[in-house]
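K.L.:
Okay, sequence plus prediction incoming.
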Amino acid sequence: MTLIEYLNSLPMDRRAELAARCQTSFDYLRQIGYGNRPCSPLIAVCLERASQGAITRKTLFPDDWAKLWPELEEKGNSD
């Protein structure tokens, strides 16, 4: 699941809650989802936790995740 798919699947009342948990706005999360703004590592971790793994750091950082979070590589490549 992509970030934009996940965001679009959220009920309206949960969108602000997700953004608050990630210390940003829902509009900024949408901009990340559409590829218009960069995702910070901090927001990636927050999204993974808040989505209970529906969105992963590996998905948000497909080329860099192993450099940013080498401990994930040790757990295997399954998402």
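P.N.:
All right, it came through fine.

K.L.:
rest of the way, CA atoms for contacts and neighbours
P.N.:
Fine.

K.L.:
Residue 43 reaches residue 19, doesn't it?
P.N.:
No: using C-alpha atoms under 8 Å as the test, residue 43 is too far from residue 19 to be in contact (9.5 Å).

K.L.:
dump the residue contacts of residue 19.
P.N.:
Contact partners of residue 19, counting by C-alpha atoms under 8 Å, 6 or more residues apart in numbering, are 25, 26, 29.

K.L.:
Let me know the closest of those to residue 73.
P.N.:
Taking C-alpha to C-alpha as the measure, residue 73 lies nearest residue 29 of the contacts of residue 19, at 25.7 Å.

K.L.:
and stretch 19-34, C-alpha only, in PDB?
P.N.:
Extracted in PDB, the C-alpha atoms of stretch 19-34 (Å, rounded to 0.1, in the frame of the first residue of the first chain):
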ATOM      1  CA  ALA A  19      -1.100  14.200  11.300                       C
ATOM      2  CA  ALA A  20      -0.900  15.200  15.000                       C
ATOM      3  CA  ARG A  21       0.900  12.000  15.900                       C
ATOM      4  CA  CYS A  22       3.400  12.700  13.200                       C
ATOM      5  CA  GLN A  23       3.700  16.300  14.300                       C
ATOM      6  CA  THR A  24       2.800  17.700  10.900                       C
ATOM      7  CA  SER A  25      -0.400  18.600   9.000                       C
ATOM      8  CA  PHE A  26      -2.500  16.200   6.900                       C
ATOM      9  CA  ASP A  27      -1.900  18.400   3.900                       C
ATOM     10  CA  TYR A  28       1.900  17.900   4.300                       C
ATOM     11  CA  LEU A  29       1.400  14.100   4.500                       C
ATOM     12  CA  ARG A  30      -0.600  14.200   1.300                       C
ATOM     13  CA  GLN A  31       2.200  16.200  -0.300                       C
ATOM     14  CA  ILE A  32       4.700  13.500   0.700                       C
ATOM     15  CA  GLY A  33       2.300  10.900  -0.600                       C
ATOM     16  CA  TYR A  34       2.100  12.600  -4.000                       C
END
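
K.L.:
for that stretch, what is the average pLDDT?
P.N.:
For stretch 19-34, mean pLDDT rounds to 97.

K.L.:
Quick check: buried residues in that stretch?
P.N.:
19, 22, 25, 26, 29, 30, 32, 33 (16 or more other C-alpha atoms under 10 Å).
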